[in-house]
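Chemist: sharing a model that was predicted from the sequence below.
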Amino acid sequence: MVNFEAKVLSSDTIKPSSPTPSHLRTFKLSSIDQIAPLNYSPIIFYYPLIDAGQDKIKQISSRLKESLSETLSLFFPLAGRIRDHLFVDCNDEGILFSEALVDCDLSEFLKEPELDSLEKFLPCSQFCLVPVQEAVQVAIRLNVFNSGGIAIGMCFLHKMVDGTTMAAFLKSWAATAGARPCSDKPVQPDYLAASQRYPPREELPSEGPLLFKESWLIKMGKGVTRRFVFSSTAISALKETLSAHEENASRVLAVAGFFWKSATAASKIVLGPQHRKSSVVGFAVNLRPRVVPPMSESCFANVAWQALATYKAPNVGNETFELQDSVGLLRDAIRKISDIKYDGFLGLSKLREEMVELFGEDDPDAYIFSSWCKFGFYELDFGWGKPIWISNIGGSLPMFANYALLVDSRCDGIEAWVCLDERIMDVLERDPEFLAFASVNPSFATRAPLLLDFQMAEAFTMCWAIKAALPGSGFSYSHLEGDCLAVVKAIEKDREGLSLTHACWL
């Protein structure tokens, strides 16, 4: 593992390129926004670069900031400040953009990524440490490695941004910044639909209701975060195991169900076989396509709800919790989600009443699952190619919630970023059945292609094939320019790299 520091060199405020019109200065929160937690969702994108000297880094920084300013003119609430938990004052105060120098090479770092160090790439803490009216909605940091590779760390305030809204913003930003043609053109967000369907409450309850009792959700002790990677082959094997019971189970359901089953078994080992622990999963579901009539994916807000899947352990007998059981419970819970017919506060109260009815004063294992799969994050090209890796962050906390975030990997696999009690995590990491499908924080290949821009390498392969197939076509390296020519020269130094050009490193 590489020890490194990220030294902040500069910090700027990026404002929309054009002032927000006066009639758009107030953006109403929805009641779902009002109950959203006041914390930041972190995400980090890693990009290898070729021949990235100071001039190119300056160009990248300038392109990011200019395109970010243009994108904020479309997503103007992100440049505002929340007022009274009711609305956003779209006053164009802006978002935070900082730059840092990382004293190691990207290739060395990716050999064995140290999860506890990933927060060094972030521009702020994932916990909002200031009053909500002072909090920026988005903070971004451009981290530059010694080798010229970069990591773009981002934090989105969850108060009005869910995964779908975050993805829409990032795709629009990349489309604005990208030098190459991009299929994801900037979209016009819908700022009215969420608050019209789920109107905010003028007066907030003195004590906001919780999805679970605090003792169920928030655990005291040492919580640790780990990264587990499920390859496409492992996921296919899980789905094959399910085929006799569940037809066409999705990749996400197969992995989520397998993790729930495995964590439940690990918890039983820690607590002892005599302890029959029930468990419940709150799975975040995008409501936009499920409501009638459907809402546009461009609807800006938190438009997600928790599908509750519950497993009540039997009082007697040796009944086991199998994969088909966990997947079936998750599938049924998600299928029941169509819409919530009440505001967010009443909705949470009803969910809590349901939980109390099911478990009474028992203390079930409670898990929160979220999925960022199929958001297209690996397609985000700001003009220098697609990311080689996308990560969340690791870390240890004295107070935590059992949590799993599922994210696509480069080659149709899934990465699970999981937080659990340290004792349960220790059992899970040594469970041979779990490890038959999941790899624990695997390293990255460090051959030459890792240092090459993936898209440029593909372009070279095509050009090389043309040259080989049409020797009389007059094709020459003079037709290649800039970075693409650098890729040609780099690969020519290592012919073996040609066979790895299309390799997957995750």
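Modeler: On my side now, so go ahead.
Chemist: CA atoms for contacts and neighbours, from now on please.
Modeler: Fine.
Chemist: quick check: the gap between the residue nearest the centre of the chain and Ser326.
Modeler: Residue closest to the mean C-alpha point of the chain, counted by C-alpha atoms, centre = their mean, is Trp372 at 5.1 Å. Distance of Trp372 to Ser326, given as C-alpha to C-alpha, to the nearest Å: 20 Å.
Chemist: same thing with His85?
Modeler: Applying C-alpha to C-alpha, the value for His85 to Ser326 is 37 Å.
Chemist: Provide the strand pairings for the longest strand along the chain, with the direction of each partner.
Modeler: The residue-count maximum for a strand in the chain (DSSP state E) belongs to strand 219-230. Strand pairing for strand 219-230, using DSSP bridges, gives strand 396-400 (antiparallel), strand 414-421 (antiparallel), strand 439-440 (antiparallel).
Chemist: which SSE is immediately downstream of that strand?
Modeler: Scanning forward in sequence from strand 219-230 by DSSP states H and E, the next helix or strand is helix 232-242.
Chemist: hmm, who's touching that following helix?
Modeler: Residues from elsewhere that reach helix 232-242 (C-alpha atoms under 8 Å, 6 or more residues apart in numbering): 248-251, 254-255, 323-324, 411-414, 437-438.
Chemist: and those as TSV, adding secondary structure?
Modeler: Putting these into TSV (DSSP: H, G, I helix; E, B strand; the rest coil) gives the following:
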residue	secondary structure
Asn248	coil
Ala249	coil
Ser250	coil
Arg251	helix
Ala254	helix
Val255	helix
Leu323	helix
Gln324	helix
Cys411	coil
Asp412	coil
Gly413	coil
Ile414	strand
Phe437	coil
Ala438	coil
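Chemist: any of the residues you listed buried? List them.
Modeler: Applying 16 or more other C-alpha atoms under 10 Å to the contacts of helix 232-242, the neighbour count classes Ala249, Arg251, Ala254, Val255, Leu323, Gln324, Asp412, Gly413, Ile414, Phe437, Ala438 as buried.
Chemist: switch these over to a markdown table; also include pLDDT.
Modeler: Output for those, formatted as a markdown table (pLDDT from 0 to 100):
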| residue | pLDDT |
| --- | --- |
| Ala249 | 90 |
| Arg251 | 95 |
| Ala254 | 97 |
| Val255 | 98 |
| Leu323 | 94 |
| Gln324 | 94 |
| Asp412 | 89 |
| Gly413 | 95 |
| Ile414 | 97 |
| Phe437 | 97 |
| Ala438 | 97 |
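Chemist: in the chain, which spans are helices?
Modeler: Secondary structure of the chain (DSSP state H): helices at 31-35, 54-74, 106-111, 163-177, 193-197, 214-217, 232-242, 251-271, 323-336, 344-359, 422-428, 432-435, 454-469, 482-492.
Chemist: nearest to Gly94, out of the ones you listed?
Modeler: Evaluated over the helices of the chain, closeness to Gly94 peaks at helix 54-74, with 8.4 Å, by C-alpha to C-alpha.
Chemist: packing partners for that closest one?
Modeler: Packed against helix 54-74, as judged by 3 or more C-alpha pairs under 8 Å, 6 or more residues apart in numbering; DSSP states H and E, are the following elements: strand 6-14, helix 163-177.
Chemist: so which bits of the shortest one are buried?
Modeler: When neighbours are counted by 16+ other C-alpha under 10 Å, the buried residues of strand 6-14 are found to be Ala6, Val8, Ile14.
Chemist: quick one: strands adjacent to it?
Modeler: strand 95-102 (antiparallel).
Chemist: would you mark the buried spots in the partner strand?
Modeler: By neighbour count on 16+ other C-alpha under 10 Å, the buried set for strand 95-102 is Ile95, Leu96, Phe97, Ser98, Glu99, Ala100, Leu101, Val102.
Chemist: so what's the fifth one up against?
Modeler: Under the criterion of C-alpha under 8 Å, 6+ apart, the neighbours of Glu99 are Val8, Leu9, Ser10, Ser11, Arg141, Leu142, Asn143, Val144.
Chemist: of these, closest to Pro432?
Modeler: Nearest member of those to Pro432, counting by C-alpha to C-alpha, is Asn143, at 37.5 Å.
Chemist: partners of the closest one in the sheet?
Modeler: Under the criterion used (DSSP bridges), Asn143 bridges to Ala100, Ala151.
Chemist: how close does it get to Ser443?
Modeler: For Asn143 relative to Ser443 (C-alpha to C-alpha), the value is 20 Å.
Chemist: try Thr164
Modeler: In terms of C-alpha to C-alpha, Thr164 sits 29 Å off from Ser443.
Chemist: which one's more surrounded, the two?
Modeler: A count of neighbours by other C-alpha atoms under 10 Å puts Thr164 above the other of Thr164 and Ser443, at 21 against 14.
Chemist: you'd agree the more buried one is up against Cys373?
Modeler: No: with contact defined as C-alpha atoms under 8 Å, Thr164 does not reach Cys373; the gap is 10.5 Å.
Chemist: circling back: and the contacts of Glu99, which two are the farthest apart?
Modeler: Ser11 and Val144 (14.2 Å).
Chemist: contacting residues around Phe321?
Modeler: By C-alpha under 8 Å, 6+ apart, the contact list for Phe321 reads Lys261, Ala265.
Chemist: again with Leu64
Modeler: Ala177, Phe382.
Chemist: test for you: state the pLDDT assigned to it.
Modeler: Here, the pLDDT recorded for Leu64 equals 97.
Chemist: measure it to Tyr46 for me?
Modeler: For Leu64 relative to Tyr46 (C-alpha to C-alpha), the value is 15 Å.
Chemist: show me what contacts Gly413?
Modeler: For Gly413, the contacting residues are Val229, Phe230, Ser231, Ser232, Thr233, Ile235, Leu506, by C-alpha under 8 Å, 6+ apart.
Chemist: of the contacts of helix 232-242, closest to Trp384?
Modeler: Distances from Trp384 to the contacts of helix 232-242, taken by C-alpha to C-alpha, are shortest for Cys411, at 20.0 Å.
Chemist: read off the pLDDT value for the closest one.
Modeler: 84.
Chemist: same question, Lys336
Modeler: Lys336 is assigned 87 on the pLDDT scale.
Chemist: ok, the one 4 residues further on next?
Modeler: On pLDDT, Ile340 comes in at 65.
Chemist: for stretch 321-331, the distance to its chain's centre please.
Modeler: 24 Å (C-alpha atoms, centre = their mean, to the nearest Å).
Chemist: quick one: low-confidence ranges for the stretch 201-350 of the chain?
Modeler: Flagging of the stretch 201-350 of the chain using pLDDT under 70 yields the residue ranges 204-217, 274-276, 315-319, 339-345, 347-349.
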